[in-house]
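Peer 1: here is my input, please return the structure:
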Amino acid sequence: MAGLRVLLTGPPRSGKTTLIERIVRRLDRPVAGFFTREIREHGRRVGFSIITLTGQEGVLAHVYHQSRHKVGRYGVNLADLDRIAVPSVQPDDRAALVIVDEIGRMECLSEKFRLAVIDLLDSDHDVLGSIAQGGGPFIQGLKARADVELIAVTPANRDELVGLADGFD
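Peer 2: This is a model prediction of the structure:
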């Protein structure tokens, strides 16, 4: 039986990650997966980190990371993405809700990540994630899946959406 699949979308700073964190705090069940965070130096964003729900950390992208994979001014670190984020969305615990924050241009540069997301959505796991508002064919394909509930997050509705936690309990 397929699990519940909810993907949150919206513009940057609309509150998608904060909403997912608030939902996770309300749950009384196993949770796996990862979050992305900004890396800031002297008040300026210089990159993004990956932090799993088990506490593993890595760098997703950084202005100083040398890589042939670039998104804007950021060099994308596929090694950390594949080593940290990919296994976090493949939990052994069948009851775990899997958090994928986020499915965006940087993450989709990794074939391992794309395959892991497809495997996850084809599994019995419940999934809660965030996904880019725009995006290429892979992202558009995920958003068009019949088994995915796509919810637009705005500053006006993000507080009421915390109630989504009830569906994951």
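Peer 1: name the nearest residue to the residue nearest in space to the middle of the chain, sequence neighbours excluded.
Peer 2: Nearest to the geometric centre of the chain sits Asp101, at 1.7 Å (C-alpha atoms, centre = their mean). Once flanking residues are discounted, Asp101 sits nearest to Phe35: 4.5 Å by C-beta to C-beta, 6 or more residues apart in numbering. Yep, even glycine has a C-beta here, placed from its N, CA and C like the rest.
Peer 1: for the one you found, what are its contacts?
Peer 2: Contacts for Phe35 (C-beta atoms under 8 Å, 6 or more residues apart in numbering) come out as Thr17, Ile20, Glu21, Ile50, Ile51, Leu53, Ile99, Asp101.
Peer 1: switch to 10 Å and redo it
Peer 2: Contact partners of Phe35, counting by C-beta atoms under 10 Å, 6 or more residues apart in numbering, are 17, 20-21, 24, 49-53, 85, 88, 99-102, 130.
Peer 1: now, the most widely separated pair of those?
Peer 2: Using C-beta to C-beta, those span at most 17.7 Å, a distance reached by Val24 and Ser49.
Peer 1: look up phi and psi at the residue in the chain sticking out farthest from the centre.
Peer 2: Note on the chain: the largest C-alpha distance from the chain mean falls to His42, namely 26.1 Å (C-alpha atoms, centre = their mean). With angles defined as degrees, to the nearest 10, His42 sits at phi 50, psi 40.
Peer 1: how much space between it and Lys112?
Peer 2: Going from His42 to Lys112 by C-beta to C-beta, to the nearest Å gives 34 Å.
Peer 1: okay, buried residues for the biggest strand by length in the chain please.
Peer 2: Counting residues, the longest strand in the chain under DSSP state E turns out to be strand 31-41. Using 16 or more other C-beta atoms under 10 Å as the test for burial, strand 31-41 gives Val31, Ala32, Gly33, Phe34, Phe35, Thr36, Ile39.
Peer 1: restrict stretch 44-60 to CA atoms and write it as CSV.
Peer 2: Only the C-alpha atoms of stretch 44-60 are listed here, as CSV (Å, rounded to 0.1, in the frame of the first residue of the first chain):
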residue,chain,number,x,y,z
ARG,A,44,25.9,36.8,3.7
ARG,A,45,24.7,33.5,2.2
VAL,A,46,27.7,31.6,0.9
GLY,A,47,26.3,28.1,0.6
PHE,A,48,24.0,25.4,1.7
SER,A,49,24.5,22.5,4.1
ILE,A,50,22.8,19.1,4.4
ILE,A,51,21.7,17.9,7.8
THR,A,52,20.1,14.5,8.3
LEU,A,53,17.6,13.8,11.1
THR,A,54,20.3,11.5,12.6
GLY,A,55,22.7,14.4,12.8
GLN,A,56,25.0,13.8,9.8
GLU,A,57,26.2,17.0,8.2
GLY,A,58,27.8,18.0,4.9
VAL,A,59,28.0,20.8,2.4
LEU,A,60,25.5,20.7,-0.5
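Peer 1: with that, I have no additional questions.
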